[in-house]
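S.K.: Here's my sequence, what's the structure:
(one chain, ligands or ions: 1)
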Amino acid sequence: MQETQQGASRAGEHAEDVAAQALARWADRPGPLLPILHEIQEAVGYIPGEVVPQIARGLNLSRAEVHGVISYYHHFRTQAPARHVIQVCRAESCQAMGAEALYEHVLQRTGCTQHATAGHACRSADGAYQVEPVYCLGLCAASPALMIDQSLHARISPARFDSLVEALEEGKR
Ligand code: FES
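M.R.: Modelled structure (predicted):
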């Protein structure tokens, strides 16, 4: 627990440094909030609460305005992600090609017991996997699609998903 708190505090400090650099780069440009949030999430994996007042001050916004944008966009996380993040596309084209059955399979294979809703990931009890529904990954012509960590995968069947996860798990040992 203490280790987790230390990890969170290190992430918070790192995020504050990243936010300071992003603010210096973006504060005078139009529409700076989203690029700043993207930079923080890319560098830290999520947007720790510590940076919200810092961003609000830097952009002359209220904390509520910054919170509002973070919670509006499902892409932004406010908690550290699991070791592997799996985003399954559930938009129209993928649905027509079996995305619902694939999604159920992904939940079962990763041990994520609850359905996730947009913006709320489902995590496995061991912290290894996090499954998030997303709505279009830009691979509609090669549905169904999903993303594992930062890698996109097209025309995924349950069997192909299993081999991807096996490769991931073997690579870890
Ligand atoms: S609908 Fe799934 S990638 Fe576009």
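S.K.: which parts of stretch 64-75 are buried?
M.R.: Buried positions in stretch 64-75, judged by neighbour count with 16 or more other C-beta atoms under 10 Å: 66, 70. Yep, even glycine has a C-beta here, placed from its N, CA and C like the rest.
S.K.: Quick one: mean pLDDT for it?
M.R.: For stretch 64-75, mean pLDDT is 93.
S.K.: ditto for stretch 131-138
M.R.: pLDDT averaged over stretch 131-138 gives 92.
S.K.: Now do it: distance from first to last residue.
M.R.: 18 Å (C-alpha to C-alpha, to the nearest Å).
S.K.: close to the ligand, is it?
M.R.: Yes. Contact of stretch 131-138 with the ligand (C-beta under 6 Å from any ligand atom) involves 136-138.
S.K.: Narrow those to those that are buried.
M.R.: Buried members of the residues of stretch 131-138 next to the ligand, counted by 16+ other C-beta under 10 Å: Leu137.
S.K.: Just the ones of the residues of stretch 131-138 next to the ligand in strands?
M.R.: Among the residues of stretch 131-138 next to the ligand, no residue falls in strands (DSSP state E).
S.K.: C-terminal to the helix or strand bottoming out on mean pLDDT in the chain, what's the next element?
M.R.: One helix or strand of the chain scores below all others by mean pLDDT, DSSP states H and E: helix 2-26, with a mean of 80. With elements assigned by DSSP states H and E, the helix or strand that comes after helix 2-26 is helix 33-44.
S.K.: From the residues of stretch 131-138 next to the ligand, pick the one nearest Val66.
M.R.: Using C-beta to C-beta, the shortest approach to Val66 within the residues of stretch 131-138 next to the ligand belongs to Cys136, at 26.0 Å.
S.K.: wait, doesn't the closest one sit right on Val88?
M.R.: No. With contact defined as C-beta atoms under 8 Å, Cys136 does not reach Val88; the gap is 11.5 Å.
S.K.: Tell me the residues on this protein that lie near the ligand, please.
M.R.: So far as C-beta under 6 Å from any ligand atom goes, the chain lies against the ligand at 89, 91-94, 136-140, 143, 145.
S.K.: Tell me the buried residues within these.
M.R.: The neighbour count (16+ other C-beta under 10 Å) marks 89, 91, 93-94, 137, 139-140, 143, 145 as buried among these.
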